[in-house]
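Visitor: this one's sequence-less:
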């Protein structure tokens, strides 16, 4: 474990509000700070930042922890990598540890090798085989944009990169782990994954090369685009191409393009705030990443059928995380790259300003496949439109679109409004039914972080209150330890927390969340952090702790009864025990 003094200094140098504020928009709420949780989709902020103890906790998804935990989760890092990142941010040196972290070393080696591979591909552009450079020039890319994005070229050799990396001391295992090479099923030998392709390095938010994309330069080359698979340093569903540049933009708007060349063409035209997904459909994690830097996203996908279908899916994902989606309409061009080449950046800027909001786009699509000039076609389109309008939460916004739609179809506003309200009532009824079904089944659902808590709810609550008492008053440990031991705890997670806390306090450590960071997973850290906020308004006295201890030792209630107890039942039980003791 790292020295406690170092961890204290690290956290002091990295206040959690300053660190989280670089990823999410923090809102002042009395003495607290709140934000929309970056780890799950929500519209109302449920993530609270506690500056007094440098921690955060989300009441929606139960993510939580200290500033180290936050960096682990938001950046997808291991514990020591998160510590190093925060230390670098603060200009601090990380003390040497006694035990080597093999996984962390592997990550560092892969990042170093990716950087070396990017340099190899870049230098290949100006090598004897000029086909990659010719391709980029034909796409009208300027030398400065080629350098900025570090674009490169993989020639036709089967082992060009392989040999270059071997010469730098990298092993076959590292080349396979990074997905830079593959192994032949026939010969068992390694060969370069990327050949005869223009190379697009993929950077993380810190500017480290984490993966690569390759576009074939052969006329009939397949696949057209080849991308790195997931590796220890790269998860394609959680990263965005060019986000390392887009995050520097002062705009609260992002442009979402479909591919690498579209992004680079838009960037070259003067729009730095552009990103793209990485060879897969847009994901919720990527949308949450965009939400950290923007409030509005202009979807600039290709105008073909596939692009339009992808637009519909993107609209729903973006809305789910609280982003305002808008849709770019391009005429006489299949994609942004072609549009900018034909009409220039000034006209593209005008397109951005005139982009439709998502509702207008969806209402227009309701006409697709129908002849709205006929009665049957109009009825079909209106039924689709009613479904769109019912999905608008704000009543004022909904009525504006409703009035316009009624005018377009020349029908009564009152009749259309009645249909929409009927659809809203129907949806609410279904939602209540689904909520009730989920509520009835909730006690049966396993808890992945503390699996035993579902069947031992009463005991788990007693354990949490004991832990909360010790978090608040760590000096009371010895008094508590005289009455209960770790083996008396009914759930394995809370038992480990209690044992770990006791060990550290007895070793002379001062209580702090960092005591748990390197021994518990980020998910477990969320539960540990959530204990105090959960019992924030509960005065846990020494007598209450004794009652909790008695519950754990007696365990008189059957497991089925315990599982059925809710918070109110639990509090009533506690009050009953307290009254019985007084009498």
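Guide: Alright, I've got the coordinates. A quick note: this is a predicted structure, and the numbers were derived from the prediction, not measured.
Visitor: buried residues in the longest helix along the chain?
Guide: If you go by DSSP state H, the chain has its longest helix at helix 413-441. Buried residues in helix 413-441, counted by 16 or more other Cβ atoms under 10 Å: 416-417, 419-420, 423-424. Every C-beta, even on glycine, is put in place using the N, C-alpha and C of the backbone.
Visitor: what of stretch 160-167?
Guide: Going by neighbour count (16+ other Cβ under 10 Å), the buried part of stretch 160-167 is 160-162, 164-165.
Visitor: ditto for stretch 45-58
Guide: For stretch 45-58, burial by neighbour count (16+ other Cβ under 10 Å) applies to 45-50, 54-58.
Visitor: quick one on the thing from earlier: ok, so of the buried residues of stretch 160-167, who is nearest residue 382?
Guide: Set against residue 382, the nearest of those by Cβ to Cβ is residue 161 (58.0 Å).
Visitor: and the buried residues of stretch 160-167, which of them are in helices?
Guide: Among the buried residues of stretch 160-167, the members found in helices (DSSP H) are 160-162, 164-165.
Visitor: can you put the residues you listed in CSV and add pLDDT and distance to residue 495?
Guide: Below are these laid out as CSV (pLDDT from 0 to 100; distance: Cβ to Cβ, whole Å):
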residue, pLDDT, distance to residue 495
160, 97, 55
161, 98, 50
162, 98, 50
164, 97, 52
165, 98, 47
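Visitor: got a list of contacts for the helix or strand containing residue 105?
Guide: If you go by DSSP states H and E, residue 105 is part of helix 102-124. Outside helix 102-124, the residues that touch it by Cβ atoms under 8 Å, 6 or more residues apart in numbering are 78, 80-81, 132, 150-155, 160-161, 164-165, 168, 170, 174-175, 177-178, 180, 194, 199, 201, 208-212, 231-233.
Visitor: circling back: mind putting the buried residues of helix 413-441 in JSON lines, distance to residue 466 and pLDDT included?
Guide: Shown next, in JSON lines, are those (distance: Cβ to Cβ, whole Å; pLDDT from 0 to 100):
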{"residue": "416", "distance to residue 466": "59", "pLDDT": "93"}
{"residue": "417", "distance to residue 466": "56", "pLDDT": "93"}
{"residue": "419", "distance to residue 466": "56", "pLDDT": "94"}
{"residue": "420", "distance to residue 466": "53", "pLDDT": "93"}
{"residue": "423", "distance to residue 466": "50", "pLDDT": "92"}
{"residue": "424", "distance to residue 466": "47", "pLDDT": "90"}
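Visitor: which two among the residues you listed are spaced furthest apart?
Guide: 416 and 424 (12.8 Å).
Visitor: before we move on, the earlier item: chain center to the longest helix of the chain: distance?
Guide: Computed by Cα atoms, centre = their mean, to the nearest Å, the chain-centroid distance of helix 413-441 equals 30 Å.
Visitor: now swap in stretch 242-251 and tell me
Guide: 17 Å.
Visitor: same deal with stretch 382-402?
Guide: With Cα atoms, centre = their mean, you get 30 Å for stretch 382-402.
Visitor: tell me the buried residues in that stretch?
Guide: Judged by neighbour count (16+ other Cβ under 10 Å), stretch 382-402 contains these buried residues: 382, 384-386, 388-392, 398, 401-402.
Visitor: show me which of these is closest to residue 490.
Guide: residue 391 (44.8 Å).
Visitor: from residue 313, how far out is the closest one?
Guide: For residue 391, the distance to residue 313 equals 15 Å [Cβ to Cβ, to the nearest Å].
Visitor: low-confidence regions, the protein specifically.
Guide: 1, 30-31, 96-104, 434-446, 508, 556-583 (pLDDT under 70).
Visitor: per the record, what domains does it have?
Guide: Following automatic domain parsing, one gets these domains for the chain: 4-90, 102-234, 243-364, 366-442, 451-582.
Visitor: distance from the third one to the middle of the chain?
Guide: A distance of 19 Å separates the C-alpha centroid of domain 243-364 from that of its chain, computed with Cα atoms, centre = their mean.
Visitor: give me the neighbour count for residue 476.
Guide: 13 (other Cβ atoms under 10 Å).
Visitor: hmm, I typed the wrong one, I wanted residue 292.
Guide: For residue 292, the neighbour count with other Cβ under 10 Å is 19.
Visitor: likewise for residue 237?
Guide: For residue 237, the neighbour count with other Cβ under 10 Å is 14.
Visitor: and residue 90, by the same measure?
Guide: Neighbours around residue 90, by other Cβ under 10 Å: 13.
Visitor: identify the residues contacting it.
Guide: 10, 13-14.
Visitor: ranges for the strands of the stretch 51-200 of the chain?
Guide: Shown for the stretch 51-200 of the chain, the strands assigned by DSSP state E, counting those that start in this stretch span residues 55-58, 64-66, 152-154, 181-183, 190-192, 197-203.
Visitor: tabulate these in a markdown table, adding columns for distance to residue 292.
Guide: A markdown table is the format used below for the strands of the stretch 51-200 of the chain (distance: least, Cβ to Cβ, whole Å):
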| stretch | distance to residue 292 |
| --- | --- |
| strand 55-58 | 14 |
| strand 64-66 | 18 |
| strand 152-154 | 29 |
| strand 181-183 | 34 |
| strand 190-192 | 35 |
| strand 197-203 | 16 |
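Visitor: check the ones you listed for me and report the most buried one.
Guide: Of all these, strand 64-66 has the most neighbours on average by mean count of other Cβ atoms under 10 Å, namely a mean of 28.
Visitor: what number of residues lie near residue 343?
Guide: Residues lying near residue 343 (other Cβ under 10 Å) number 16.
Visitor: next one: residue 321 relative to residue 55, how far apart?
Guide: From residue 321 to residue 55 the distance is 23 Å (Cβ to Cβ).
Visitor: show me what the longest helix of the chain is packed against.
Guide: helix 375-390, helix 395-409 (3 or more Cβ pairs under 8 Å, 6 or more residues apart in numbering; DSSP states H and E).
Visitor: what's the angle between the first one and helix 395-409?
Guide: Put simply, helix 375-390 runs at 170 degrees to helix 395-409, going by axes from the mean of the first three to the mean of the last three Cα atoms, to 10 degrees.
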